[in-house]
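[1] The amino acid sequence is not available; the structure is as follows:
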């Protein structure tokens, strides 16, 4: 599996997003690290998820390191890949039950949201290996199932959603991501779905 130009641009934009625009371009060493992950079949989504985990942990440190490289994400990338493999190997019935007990009301009592959550988790648990036939089709179906869940969760936010959207738009703009581009769309979908899910406890 090889990263597309869009995926590489997305990873670079996410790097700038977390560094508040101060490092919009990845170094030569960072690109070498990306190539290594690409050769190992690590999906772009796992790298972006690892960035979230790494920078959240870094923000809690009293004296975070000044120099940051993609290689520092290696442990978090490995965990993200391991988690995805665990979901793939899990029994679908077990996979769908995990996590819903943390969802807050009134969304937790919405049968449509619960059904959407179950459908998404079943697809996660049944994901084939990246080099398997039909992987891309399955991955697209999983992403669409997640979008359906996020749409229901977003609708349940009501007027609160507008303030959250304005805040996210400001953060993406500050990171230097041009609005209306494919990278903006990819970054928006990732961060907005994450924001909505975190708000409800999904």
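    Structure received. Computed from a prediction, not measured in an experiment: that's the story for all the values here.

[2] Looks like residue 113 contacts residue 151 (just checking).
    No - between residue 113 and residue 151 there is no contact, the gap being 9.8 Å when judged by CB atoms under 8 Å. Glycine gets a C-beta too; all of them are placed from N, C-alpha and C.

[3] Among these two, which residue is more densely surrounded?
    Neighbour count, other CB atoms under 10 Å: between residue 113 and residue 151, residue 113 has more, with 23 against 14.

[4] Please identify which helix or strand holds the more buried one.
    helix 111-125 (DSSP states H and E).

[5] Over to residue 192?
    Per DSSP H and E, residue 192 falls inside helix 182-200.

[6] Show residues contacting that helix.
    With contacts defined as CB atoms under 8 Å, 6 or more residues apart in numbering, helix 182-200 is touched by 6, 9-10, 13-14, 17, 48, 52, 103-104, 107, 146-147, 150, 153-154, 156-157, 160-161, 164-165, 168, 171-172, 177-178, 202.

[7] Mark which of those are buried, thanks.
    Among the contacts of helix 182-200, those scoring as buried are 9-10, 13-14, 17, 48, 52, 103, 107, 146, 150, 153-154, 156-157, 161, 168, 172, 177, 202 (criterion: 16 or more other CB atoms under 10 Å).

[8] Show me this protein divided up by domain.
    The chain is divided into the following domains under automatic domain parsing: 1-89, 91-202.
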